[in-house]
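K.L.:
Sequence and predicted structure, then a few things I'm wondering about:
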Amino acid sequence: MTTPAPEPAVTAPERQPHHRRRVVVHPDAGTLAEAVAARLLTRLLDVQSLHSPVHVGLTGGTVGIALLRAVARSPIRDVVDWSGVHVWWGDERFLPSGDPDRNETQARDALLDSLGDVLPAENVHAMPALGDGVDTPERSAEAYAAELARFAADGAAAPELDVLLLGMGPDGHVASLFPGHDALTVTGTPTVGVHGSPKPPPERVSLTFEAINAAHQVWFVVAGAEKAAQLGAALSGADVAATPAAGAYGRERTLWLVDAAAAAGLPA
Ligand SMILES: O=C(O)C(O)[C@@H](O)[C@H](O)[C@H](O)COP(=O)(O)O
């Protein structure tokens, strides 16, 4: 009689910050927005088949808003159970509520308002606006940190975002973390008040790298020839102080969803 061989030990794979990074090039900005919208809706459905709620982080910026308009137009949007979706923001312009330059206002106009009651109002977690009980970006950041904490697992500062959408500026900024800015080095909090943003308006609120990099998946959406140099820098491990986007990644996956103009300088 032979003794059965022992079962092999099972070891959990190690998490590596920059693993599973992929770049997907789309012909132009319009196609990019449509493709990211379809990808986002599919991701929401996939996650909903595994757990609920789903936490999504939105971005401002041209493509970030265009893709929300594409979600609004898609027939797939009605397959998603929006009552189980929580919406957050990666950054916000610190302006009065309803200001057309707020990322929240633009996202409501592009998508959220069209969802009506199927997306419960309490699932939409906007960064507090100027005059909305807060009078400085710091106060808004503190209030948003408290809101994030309400949805965080034990010991975490924020809920694990299933997808965090991020744009990138021509200077390599991500969310409202700008090159050489003090906010880049803030730790110990998921949010930070930002003054002196080179992209108007100057006062903003942003997730910190700590919060960004706690997301399950980070999806950059980047279009335009003016982004090509910083896209190349971010993908080749540039210094984060000079190219903040180089320091943002998802724990499980980082997708760079870009158009051909932005990708022009990348190696074939
Ligand atoms: O509030 C904002 O301005 C942003 O969230 C910002 O980080 C934006 O995503 C990039 O600047 C890219 O914006 P564009 O796509 O318009 O270039």
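P.N.:
That came in fine, so what should we check first? Numbers count the residues shown, from 1 in each chain.
K.L.:
who in the protein is up against the ligand?
P.N.:
The chain comes close to the ligand at residues 59-64, 91, 93, 103, 167-169, 173, 175, 199, as judged by C-beta under 6 Å from any ligand atom. C-beta here means a position set from N, CA and C on the backbone, and glycine is covered the same way.
K.L.:
now the stretch 1-150 of the chain, which segments are flagged as low pLDDT?
P.N.:
Residue ranges of the stretch 1-150 of the chain with pLDDT under 70: 1-19.
K.L.:
do you know how far the residue in the stretch 101-250 of the chain that the ligand sits nearest to is from Val222?
P.N.:
Residue nearest to the ligand within the stretch 101-250 of the chain: Gly167 (2.3 Å; C-beta to the nearest ligand atom). Distance of Gly167 to Val222, given as C-beta to C-beta, to the nearest Å: 7 Å.
K.L.:
Run a quick check on Ala225 versus Ala260, I expect a contact.
P.N.:
No. With contacts counted by C-beta atoms under 8 Å, Ala225 stays clear of Ala260, the gap being 9.3 Å.
K.L.:
Surely Thr105 and Pro96 touch.
P.N.:
No. With contact defined as C-beta under 8 Å, Thr105 and Pro96 do not form a contacting pair (9.8 Å).
K.L.:
coming back round to it: go ahead and confirm the residue of the stretch 101-250 of the chain closest to the ligand touches Leu177.
P.N.:
No. Counting by C-beta under 8 Å, Gly167 does not reach Leu177; the two are 11.7 Å apart.
K.L.:
Compare those two (neighbour count), which wins?
P.N.:
When Gly167 and Leu177 are compared for neighbours, Leu177 comes out ahead with 30 against 22, by other C-beta atoms under 10 Å.
K.L.:
ok now do the nearest residue to the more buried one once chain neighbours are set aside, which residues does it touch?
P.N.:
Nearest non-adjacent residue to Leu177, counting by C-beta to C-beta, 6 or more residues apart in numbering: Pro244, 4.5 Å away. Counting by C-beta atoms under 8 Å, 6 or more residues apart in numbering, Pro244 touches Gly172, His173, Val174, Leu177, Phe178, Pro179, Leu184.
K.L.:
who's in contact with the residue lying closest to Ile76 once chain neighbours are set aside?
P.N.:
Spatial nearest neighbour of Ile76, chain neighbours left out: Leu41 (4.4 Å); criterion: C-beta to C-beta, 6+ apart. Counting by C-beta under 8 Å, 6+ apart, Leu41 touches Val71, Ser74, Ile76, Arg77, Val79, Val80.
K.L.:
Pretty sure Gly57 sits in a strand.
P.N.:
Yes. The assignment for Gly57 by DSSP: H, G, I helix; E, B strand; the rest coil puts it in a strand.
K.L.:
Would you map the strands across the stretch 101-250 of the chain?
P.N.:
With DSSP state E, counting those that start in this stretch as the criterion, the stretch 101-250 of the chain has strands at 163-166, 191-194, 204-207, 217-222.
K.L.:
Given the first one, what are its sheet partners and their directions?
P.N.:
With DSSP bridges as the criterion, the sheet partners recorded for strand 163-166 are strand 54-58 (parallel), strand 217-222 (parallel).
K.L.:
Can you name the residues in contact with the first one?
P.N.:
In other words, strand 54-58. For strand 54-58, the surrounding residues in contact (C-beta under 8 Å, 6+ apart) are 40, 44, 47-48, 64, 68, 84-90, 103, 107, 151, 159-166, 207, 215.
K.L.:
could you give the angle of the helix or strand that that strand is followed by to strand 217-222?
P.N.:
With elements assigned by DSSP states H and E, the helix or strand that comes after strand 54-58 is helix 62-73. With axes from the mean of the first three to the mean of the last three C-alpha atoms, to 10 degrees defining the directions, helix 62-73 sits at 110 degrees from strand 217-222.
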